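# structure for the following, please:
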Amino acid sequence: MRTTTAYQGFGVGSALVRHVVAEASRRGYRRLSLETGSSDHFAPARRLYARHGFVPCPPFGDYRDDPNSMYLTLELGTVTVP
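Residues are numbered from 1 along each chain as shown. Presented below is the predicted three-dimensional model:
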């Protein structure tokens, strides 16, 4: 997910993450996992996800360990939405 430059800093990304987490919880999902980039360019995304409780995890699904990727997960039973 990416927010256009004109709307960065207005909470659009946080609103989207909160919506996805709430919908996943409503559906009874136990975990959300995602892949994002590991370069400095993706640092804002990693900070966003960390603020919402995502923590690093090993590759999941069909992902293979890749130095250009970071893998994050959130256990939904422990969610406190900021």
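
# in this protein, where is pLDDT below threshold?
The chain contains residues with pLDDT under 70 at 78-82.

# quick check, central residue of it?
residue 49 (4.0 Å; CA atoms, centre = their mean).

# can you classify it as helix, strand or coil?
helix (DSSP: H, G, I helix; E, B strand; the rest coil).

# for it, which non-adjacent residue is closest in space?
residue 72 (5.3 Å; CB to CB, 6 or more residues apart in numbering). Every C-beta, even on glycine, is put in place using the N, C-alpha and C of the backbone.

# who does the one helix or strand the one you found maps to touch, helix- and strand-wise?
Following DSSP states H and E, one finds residue 72 within strand 69-75. The helices and strands touching strand 69-75, judged by 3 or more CB pairs under 8 Å, 6 or more residues apart in numbering; DSSP states H and E, are strand 31-37, helix 43-51, strand 55-56.

# just to revisit the earlier point, so the residue nearest to residue 49 bridges to which residues?
residue 34, residue 56 (DSSP bridges).

# max-length helix in this structure?
Scanning the chain for the helix with the most residues, using DSSP state H, yields helix 12-26.

# just the angle for that one relative to strand 31-37, thanks.
Angle, helix 12-26 to strand 31-37, by axes from the mean of the first three to the mean of the last three CA atoms, to 10 degrees: 150 degrees.

# just how off-centre is helix 12-26 within its chain?
10 Å (CA atoms, centre = their mean, to the nearest Å).

# got the angle for that helix vs strand 69-75?
Here helix 12-26 runs at an angle of 50 degrees relative to strand 69-75 (the same axes, to 10 degrees).

# picking up where we left off before, tell me how far the residue nearest to residue 49 lies from residue 6.
26 Å (CB to CB, to the nearest Å).

# thank you, goodbye.
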